[in-house]
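Trainee: Fold the stuff below for me.
(one chain, ligands or ions: 1)
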Amino acid sequence: MGKVVLGFIGVWIALAVLPASSAKAEEGTVHEVTVIRNAFKLNPQDITIKIGDTIKWTNTDERKHNLASIPGSGATDELEIFSVMEPGAVYSHTFKTPGEYPYFCFIHNQMTGKITVEK
Ligand SMILES: [Cu+2]
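Mentor: Model prediction:
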């Protein structure tokens, strides 16, 4: 009877501890993309990452830039990338599906970029 109780406690402890450690293992790399000041450009413009990685955009410009997926062109039907970025704003998005994600600034259409997500 005592072993059963100890075994039960052991399983309970394992369940309590495991979610935290597996969540940590799923964390990917964070890649920085900068909206360059007074240039209407992204740096880097094209970037290749792995599934589970995060892109962190920072708007270093003094004007607002609205980043969005180019409709109908991404690896998913979702609008994966969407952020109204005020000056100084930071926007992060984690990619879970492999493929290409072209995006642009929908105020300044010449500002284009692409995220490629590899398995
Ligand atoms: Cu813009």
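
Trainee: End to end on stretch 90-104, go ahead and measure it.
Mentor: End-to-end distance of stretch 90-104 (C-alpha to C-alpha, to the nearest Å): 16 Å.

Trainee: can you tell me if it touches the ion.
Mentor: No. With C-beta under 5 Å from the ion as the criterion, the ion is not reached by stretch 90-104; the gap is at least 8.5 Å. Where you see a C-beta, it was placed from the backbone N, CA and C, and this is true even at glycine.

Trainee: Does Arg35 touch Glu62 like I think?
Mentor: In this structure residue 35 is Val, not Arg. No. The pair Val35 / Glu62 is not scored as a contact, 10.7 Å apart, by C-beta atoms under 8 Å.

Trainee: the more surrounded of the two?
Mentor: The neighbour comparison of Val35 against Glu62 (other C-beta atoms under 10 Å) goes to Val35, with 25 against 9.
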